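The sequence and its predicted three-dimensional model are supplied below.
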Amino acid sequence: MATVDLDEIRKTFGGSEVLKGVSLQIADGEFLSLVGPSGCGKSTLLRILAGLETQTSGRVCIGGACVDGRRAADRDLAMVFQSYALYPHLTVAGNIAVPLTMRRLSVAQRLPLVGRFLPGARARRAAIAQTVHETAEILEIRHLLARKPGQLSGGQRQRVALGRALVREPAAFLLDEPLSNLDAKMRVHMRAEIAQLNRRLGATFVYVTHDQAEAMTMSDRIAVMMEGEILQVGAPAELYDHPAELRVAQFIGSPAINILPAETGADGGIGIEGRPTGLRALARPVEHLGIRPEALSPCDGDGLIAGRVRLVENLGADLFVQLEVAGVARPVVVRLTPAARPSVAPGSLLRLRADPARITGFDVAGKAAPVARLAEAVADV
Amino acid sequence: MSDAPPLPLAAPRAALRPERTQARAGLLMFAPALVLMLALLILPVAVAATLSFTDYTLGRPDLHWIGLGNYAEILTRPSYRKMIGVTVLYVVLVVPASVFLGLGAALLIRALKIGQTFYKTVYFLPVMASLLAMAIVWEFALHPTLGLVNRTLALGCGTALELWPWFARGCAGGFPLWLGDRDHALATLAFIGIWQSFGFNMVLYLAGLTAVPRDLYAAAEIDGVRRATERFRLITWPLLAPTTVFVVTVTTIRAFQVFDTVEALTHGGPAKSTYVMIYAIYEKGIAQNLVGLGAAITVVFLGFVMLISAAQRRFVERKVQDR
Ligand SMILES: Nc1ncnc2c1ncn2[C@@H]1O[C@H](COP(=O)(O)OP(=O)(O)O)[C@@H](O)[C@H]1O
Ligand SMILES: [Mg+2]
């Protein structure tokens, strides 16, 4: 259990810079998700933290001590791989025991055949078997201990890989897309379980995923990474409600945030397609407005935007309606309650208003730019 | 429905049983393959097995059944008993060395950052070169007086190497005759056999190594496996087990089949110290026309090979169950 500090980490692979100065402070016991699209350098960063890869520059500190130049085996971390990386010829018990035999037995005691008969080996092996059983109990895989990985389902292998990480008490747990090989149902189940493990153990978790839903549901904090840089770090709600960048806003949330092109007049008034919105840019001119699907609602008056219904998706608890809006390339998505269903037949016109407090402005560079309601504007925009 | 009278069926009987027509067509289609297999693969072995119970000699018109006579001769005559011993000894000398050198070379080459292709090509050269052609080089190198080997050894005389008793004896009384020495001939042939075959095993192991997931090594490092030997024991060796079974089988069968170096360099001598089975088959069955005896040795040889294949199958089946 320890803090993890990454300071200005850079990594170059054969001329191309994969990590461009990544800094990240992770608190003791925190569940931090590193989320971003495939190929943005998440695994590379995690492998540098683990010591499996050497950074080109920058520093890695664990528990306050800088561990650069220390090999992975000496960093006291546990890691779960996307491929699980189980030893195929060992039983489940054998797999889970490896980290313990490597640390608790001497080199001589680990020798095949003769090692067992050395003084002390028997007692230590018994203790290891005991710990393996306790870990298996936590993960409910006791009945699988005698099997080989090849005889297990994907979800069971996942648990064994977790077991191999949990069996020690490492400084931190590193998980690299551990759920991406599971089916959808299993994934939802396991993400709750992993989050619970973090609370129960009080251990530091660094969780890499490309799935924003995983990051949103499991984490204390999320670091959004793109093209080798961290764009924003914050609690899930903060990232969702106050994205610092257009790219973050678009990456977090499903269905995705609606991005409406906007123009800012000389007086700071913001318009869409030439029509005033009743909003005003506070600092910099605003180029885009981001509005979450649930921040939009139907209205009778003119509203903010209007469009024709293209598609209605009924998810049971929610109704997602896609609108064709003039001047907006992608369909605008609105979340409604199923009760609103009769009023949104495909082809019908729908006028929408938005909660001004939940509109985010973005400037020409894609950075969040503050907006406020015009003083003289009517109560509802 | 059920009490309706059965309709008269005009269709031919065969059409009622499509599976039978299909079976007949299938039989017809695989018949050529079956005939070829019988004629080319099974028949020769059957002929050899039959001849092994006769005293058939090429050129002599008559042929007598002598039952197990040929086999009795193989088992009782010292020269044939020695033949089996020599063959097995050759296999025992060649197989472990060739397999472990192949594995070692593969591991070393994989660890290289540059020059992998160069080493692969160099180690594979002896495999590609005809052993008969290379035998000339070996004969030349191993010549007792003019050969490169003994002349190089002689250079060491008078140096600290003489502290080694074997070396001192060589300096005093001459170095071994190698191929001409009954105590050294088989070991020398085995050396050439290893030299020739380990490159092939290296290639098989290189292929096997590419199938070992890299993540496993990363996982082992995280798990605290620090030493290369333990990494080898935990991951490389077990994951290469299928390759090893295959490599050992192929190398063993090929070592049992050693012939070209014997024919080119020793002709089974001196004093039958290199009289291996295939050479005996060749000498009896083809050079001396004693077909019956040659066939009996062939059957014994095939017995050995089948034994090895059966052992390999058992290994593979056990592995499959393990997974
Ligand atoms: N060993 C390597 N050699 C060269 N390029 C690499 C290596 N590992 C990763 N990369 C490159 O670095 C980039 C980031 O990879 P990675 O960290 O695996 O992304 P992510 O895990 O976010 O999907 C990719 O473009 C990938 O091709
Ligand atoms: Mg990755």
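Great, that's in hand. Numbers count the residues shown, from 1 in each chain, chains lettered A, B, ... in the order given. Ligands and ions are numbered 1, 2, ... in the order given.

Where does the residue nearest in space to the middle of chain B sit, in terms of helix or strand?
Against the mean C-alpha coordinate of chain B, by CA atoms, centre = their mean, the closest residue is residue B:254 at 1.8 Å. Using DSSP states H and E, residue B:254 sits within helix B:241-256.

Who are the packing partners of the host helix or strand of residue A:162?
For residue A:162, the host element (DSSP H and E) is helix A:154-166. Judged by 3 or more CB pairs under 8 Å, 6 or more residues apart in numbering or on different chains; DSSP states H and E, helix A:154-166 is in contact with strand A:77-80, helix A:92-104, helix A:121-138, strand A:172-176, helix A:184-201. For every residue, glycine as well, the C-beta is placed using N, CA and C.

between these, which one is nearest to residue B:280?
Nearest of the helices and strands packed on helix A:154-166 to residue B:280, taken as CB to CB: helix A:92-104 at 48.7 Å.

can you tell me if that closest one touches chain B.
Yes. Residues of helix A:92-104 contacting chain B under CB under 8 Å from any CB of the partner chain: A:98, A:99, A:102, A:103.

any chance of the helices and strands packed on helix A:154-166 in a markdown table, plus mean neighbour count?
Listed next are the helices and strands packed on helix A:154-166 as a markdown table, based on neighbours: other CB atoms under 10 Å in any protein chain shown:
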| stretch | mean neighbour count |
| --- | --- |
| strand A:77-80 | 26 |
| helix A:92-104 | 22 |
| helix A:121-138 | 15 |
| strand A:172-176 | 25 |
| helix A:184-201 | 15 |
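
now the residues of helix A:92-104 next to chain B in TSV, with distance to residue A:6 and pLDDT?
Putting the residues of helix A:92-104 next to chain B into TSV (distance: CB to CB, whole Å; pLDDT from 0 to 100) gives the following:
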residue	distance to residue A:6	pLDDT
A:98	28	93
A:99	24	93
A:102	26	89
A:103	25	86
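
Looking at the residues you listed, which is nearest ligand 1?
Ranked by distance to ligand 1 (CB to the nearest ligand atom), the residues of helix A:92-104 next to chain B are led by residue A:99 at 23.8 Å.

From ligand 1, how far out is the nearest residue to residue B:140 once chain neighbours are set aside?
Distances taken as CB to CB, 6 or more residues apart in numbering or on different chains place residue B:147 nearest to residue B:140, at 6.6 Å, with adjacent residues excluded. According to CB to the nearest ligand atom, to the nearest Å, residue B:147 and ligand 1 sit 50 Å apart.

what's near enough to touch residue B:147?
Contact analysis of residue B:147 by CB atoms under 8 Å, 6 or more residues apart in numbering or on different chains lists B:140, B:141, B:178.

next one: residue B:272
Shown in contact with residue B:272 (CB under 8 Å, 6+ apart): B:79, B:82, B:83, B:86.

Of these, which belong to helices?
Applying DSSP state H to the contacts of residue B:272, the entries found in helices are B:79, B:82, B:83, B:86.

Is it possible to mark the buried ones in those?
B:83, B:86 (16 or more other CB atoms under 10 Å in any protein chain shown).

Go through the ones in helices among the contacts of residue B:272 and name the one nearest residue A:138.
Taking the ones in helices among the contacts of residue B:272 together and measuring to residue A:138 by CB to CB, the closest member is residue B:86, at 61.7 Å.

Poorly predicted segments of chain A, please.
For chain A, the stretches with pLDDT under 70 are A:1, A:375-381.

show me which of the ones in helices among the contacts of residue B:272 neighbour chain A.
Okay, of these, nothing touches chain A (CB under 8 Å from any CB).

can you confirm residue A:7 is in a strand?
Yes. Under DSSP: H, G, I helix; E, B strand; the rest coil, residue A:7 sits within a strand.

Mind telling me which residue of the stretch 251-381 of chain A is nearest chain B?
At 27.0 Å from chain B, residue A:251 is the closest residue in the stretch 251-381 of chain A, using CB to the nearest CB.

got the contact list for residue B:215?
Residue B:215 makes contact with A:81, A:83, A:85, according to CB under 8 Å, 6+ apart.

Just the pLDDT for it.
With respect to pLDDT, residue B:215 scores 92.

Next one: it relative to ligand 1, how far apart?
Shown here: residue B:215 relative to ligand 1, a distance of 12 Å by CB to the nearest ligand atom.

for residue A:68, same thing?
Distance of residue A:68 to ligand 1, given as CB to the nearest ligand atom: 19 Å.

what does chain A put close to ligand 1?
Residues of chain A lying close to ligand 1 (CB under 6 Å from any ligand atom) are A:13, A:18, A:36, A:38, A:39, A:40, A:41, A:42, A:43, A:44.

These into TSV, with extra columns for neighbour count and secondary structure?
Shown next, in TSV, are these (neighbours: other CB atoms under 10 Å in any protein chain shown; DSSP: H, G, I helix; E, B strand; the rest coil):
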residue	neighbour count	secondary structure
A:13	12	strand
A:18	19	strand
A:36	26	coil
A:38	8	coil
A:39	13	coil
A:40	22	coil
A:41	24	coil
A:42	23	helix
A:43	19	helix
A:44	20	helix
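
Of the residues you listed, just say which sits nearest to chain B.
Nearest to chain B among the residues of chain A next to ligand 1 is residue A:43, at 10.7 Å by CB to the nearest CB.

show me what contacts the closest residue to that closest one other than its chain neighbours?
Excluding the flanking residues, the one nearest residue A:43 by CB to CB, 6+ apart is residue A:176, at 5.6 Å. Applying CB under 8 Å, 6+ apart, we find residue A:176 in contact with A:42, A:43, A:46, A:79, A:80, A:81, A:82, A:208.

Out of the helices and strands packed on helix A:154-166, which gets nearest to residue B:274?
The closest of the helices and strands packed on helix A:154-166 to residue B:274 is helix A:92-104. By CB to CB, the value is 46.9 Å.

how far off helix A:154-166 does the closest one point, in degrees?
Orientation of helix A:92-104 against helix A:154-166 (axes from the mean of the first three to the mean of the last three CA atoms, to 10 degrees) gives an angle of 20 degrees.

gap between helix A:92-104 and the chain center?
With CA atoms, centre = their mean, to the nearest Å as the basis, helix A:92-104 stands 30 Å off its chain's centre.

could I have it exported to PDB, CA atoms only?
The C-alpha trace of helix A:92-104 is given here as PDB (Å, rounded to 0.1, in the frame of the first residue of the first chain):
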ATOM      1  CA  VAL A  92      -4.500 -22.900 -10.400                       C
ATOM      2  CA  ALA A  93      -3.000 -23.400  -7.000                       C
ATOM      3  CA  GLY A  94       0.400 -23.500  -8.500                       C
ATOM      4  CA  ASN A  95      -0.200 -20.300 -10.500                       C
ATOM      5  CA  ILE A  96      -1.400 -18.400  -7.400                       C
ATOM      6  CA  ALA A  97       1.500 -19.700  -5.300                       C
ATOM      7  CA  VAL A  98       4.300 -18.500  -7.700                       C
ATOM      8  CA  PRO A  99       4.700 -15.000  -6.200                       C
ATOM      9  CA  LEU A 100       4.900 -16.500  -2.700                       C
ATOM     10  CA  THR A 101       7.300 -19.300  -3.500                       C
ATOM     11  CA  MET A 102       9.600 -16.700  -5.200                       C
ATOM     12  CA  ARG A 103       9.600 -14.500  -2.100                       C
ATOM     13  CA  ARG A 104       9.200 -16.800   0.800                       C
END
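
next structured bit after that helix?
Using DSSP H and E, the helix or strand that follows helix A:92-104 in sequence is helix A:107-110.
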